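Enquirer: one predicted model, sequence on top.
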Amino acid sequence: MANQIQTLLDIWHTHRNNRQWVLGTIYQTSGPCYRKAGAMMLFDDLGKYYGLLSGGCLEADIQRHAKQVLSTGKSKTLCYDGSDEDDFAFKLGIGCGGTVFILLQPVLPENDHLKLEQLRIRLRDGQPCCYLQKIPDNGETETAIADARQSGLNGRARLLETADGNWLETPLRPAPHILIVGAGVDARPMAQLCRSQGWQVSLCDPRTANARQAYFPQCRLYPCHPEALPSQLAMQQVDAAIVMSHNLELDAAALRVLSGLPLKYLGLLGPVSRRDRVLALAGIELEALNRALAVPLRAPIGLNLGGELPESIALATCAELHAVLHRADGKSMTSPSSRSEVITC
């Protein structure tokens, strides 16, 4: 969770006045690399770091350079080339074999703290934007924030060549907001796993034995009937919903409230036969419900991982939800043909 940009910004904001900070950002890669351009992490003057720019193999050396940035107050760039026999990364046998270029910038009042406060406010207010960082020619530190509409928000981070030099443009979106209806025992691993992705998690359940903060740390609880949710929660800010109350009436009420919202994902726990009973109780036709959704209602929910326990269901559901939010197909990274190739050899 500490790798998410909003979490990093919250950590910095909490300690911004009693520590000195350096922002590290990948601005270019070539070949296989653990993380891509736009990935960020923070270093403080206590020797701690938050986030990752590699799989953990380069951070100690990056931190050494971050200390230099803190002492000089000037930005600098680094290059780790996993294919160069003379490079630090190659000699230690670390990294994925590609080349990664890293920008280190001091976070100072003189540079308006890299505009991190404005960036944090935008993301917390649910406003997508683009963060711009100048690749320094002589230690200078410049940043800017642009509206999402002014740039290619749907793409990845990219380098822009301007008359003023090269800039890294990183599209940033607020953390997805996930609503879970039903706060029973099996919702606990679901909420925990969603939170571990850095997602905002809200839970709704009118049953007092369920919706307790101690069971759902760092989640926002709505101990009310689903029909009362619109008066307490800005439903348009919900990106995805998981309905899992184990109660037909509550699930039906949740679908009535969620029906018509442009959700990126809507999942309903239970088999198809139960789905049909819930829809009938809600007075909603499946086709009508699906028309407003980015992807059809998922019922049963989750990828087919072969599990049946709450933790397994949570894993399968979060994996499916993650794939949908990132527009991935949710299939194995290894080609099915790999096995036959091994057998042939």
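Expert: The structure has been received and is ready for your questions.

Enquirer: just the helices in the stretch 101-250 of the chain please.
Expert: Per DSSP state H, counting those that start in this stretch, the stretch 101-250 of the chain carries helices over the ranges 116-124, 187-196, 248-258.

Enquirer: now what about the shortest one, what contacts it?
Expert: Here helix 116-124 makes contact (CB atoms under 8 Å, 6 or more residues apart in numbering) with 5-6, 9-10, 12-13, 16, 23, 107, 129, 131, 145, 172-175. No exception for glycine: its C-beta is placed from N, CA and C like everyone else's.

Enquirer: residue 82 is nearest to which of the helices of the stretch 101-250 of the chain?
Expert: Closest of the helices of the stretch 101-250 of the chain to residue 82 is helix 187-196, at 28.8 Å (criterion: CB to CB).

Enquirer: quick one, longest helix in this structure?
Expert: helix 310-325 (DSSP state H).

Enquirer: do you know the pLDDT at residue 2?
Expert: The per-residue pLDDT reported for residue 2 equals 60.

Enquirer: quick one: contacts for the nearest residue to residue 323 once chain neighbours are set aside?
Expert: Of all residues not flanking residue 323 in the chain, residue 330 sits nearest, at 3.7 Å (CB to CB, 6 or more residues apart in numbering). Contact analysis of residue 330 by CB under 8 Å, 6+ apart lists 303, 319-320, 323.

Enquirer: got it, and residue 283?
Expert: With CB under 8 Å, 6+ apart, residue 283 has these contacts: residue 256.

Enquirer: next: residue 314.
Expert: Contacts of residue 314 (CB under 8 Å, 6+ apart): 186, 189-190, 192-193.

Enquirer: swap in 10 Å and give it another go.
Expert: Applying CB atoms under 10 Å, 6 or more residues apart in numbering, we find residue 314 in contact with 186-194, 242, 244, 302, 307.

Enquirer: how much space between residue 195 and residue 179?
Expert: Per CB to CB, to the nearest Å, residue 195 is found 13 Å from residue 179.

Enquirer: with residue 23 instead?
Expert: 32 Å.

Enquirer: neighbour count: the two, which is higher?
Expert: Ranked by neighbour count (other CB atoms under 10 Å), residue 23 and residue 179 place residue 179 first, with 28 against 25.

Enquirer: test my guess that the more buried one contacts residue 204.
Expert: Yes. Look at residue 179 against residue 204 with CB atoms under 10 Å: they come within range, at 6.7 Å.

Enquirer: need the buried ones from the contacts of helix 116-124 selected in ChimeraX.
Expert: Buried residues among those (16 or more other CB atoms under 10 Å), as a ChimeraX selection:
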select :5,6,9,12,16,23,107,129,131,172,173,174,175
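
Enquirer: got any ranges where this structure has weak pLDDT?
Expert: Counting by pLDDT under 70, the chain shows low-confidence ranges at 1-3, 83-96, 149-155, 337-345.

Enquirer: which residues are in contact with residue 192?
Expert: 201, 215-219, 311, 314, 318.

Enquirer: filter the residues you listed to the buried ones?
Expert: Buried among the contacts of residue 192 by 16+ other CB under 10 Å: 201, 215-216, 219, 314, 318.

Enquirer: now those as CSV including distance to residue 164?
Expert: As requested, the buried ones among the contacts of residue 192 are exported to CSV (distance: CB to CB, whole Å):
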residue, distance to residue 164
201, 41
215, 52
216, 48
219, 44
314, 48
318, 42
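
Enquirer: any idea which of those residues is the one closest to residue 286?
Expert: residue 318 (23.8 Å).

Enquirer: residue 5 and residue 128 touch, don't they?
Expert: No. Counting by CB under 10 Å, residue 5 stays clear of residue 128, with 11.9 Å between them.

Enquirer: how many neighbours does residue 19 have?
Expert: By other CB under 10 Å, the residues close to residue 19 number 16.

Enquirer: does it lie in a helix or a strand, and which?
Expert: Using DSSP states H and E, residue 19 falls within no helix or strand.

Enquirer: surely residue 201 is in contact with residue 239?
Expert: No. The pair residue 201 / residue 239 is not scored as a contact, 11.1 Å apart, by CB under 10 Å.

Enquirer: between the two, which contacts overlap?
Expert: Common contacts of residue 201 and residue 239, defined by CB under 10 Å, 6+ apart, comprise 175-179.

Enquirer: can you put these in TSV and add distance to residue 80?
Expert: What follows is the shared contacts of residue 201 and residue 239, written out as TSV (distance: CB to CB, whole Å):
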residue	distance to residue 80
175	29
176	31
177	36
178	35
179	41
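
Enquirer: which one of the residues you listed is nearest residue 111?
Expert: Of the shared contacts of residue 201 and residue 239, the one sitting nearest to residue 111 (CB to CB) turns out to be residue 175, at 25.7 Å.

Enquirer: the stretch 201-345 of the chain: strands as residue ranges?
Expert: 220-222, 240-243, 265-268 (DSSP state E, counting those that start in this stretch).

Enquirer: this completes my enquiry, with thanks.
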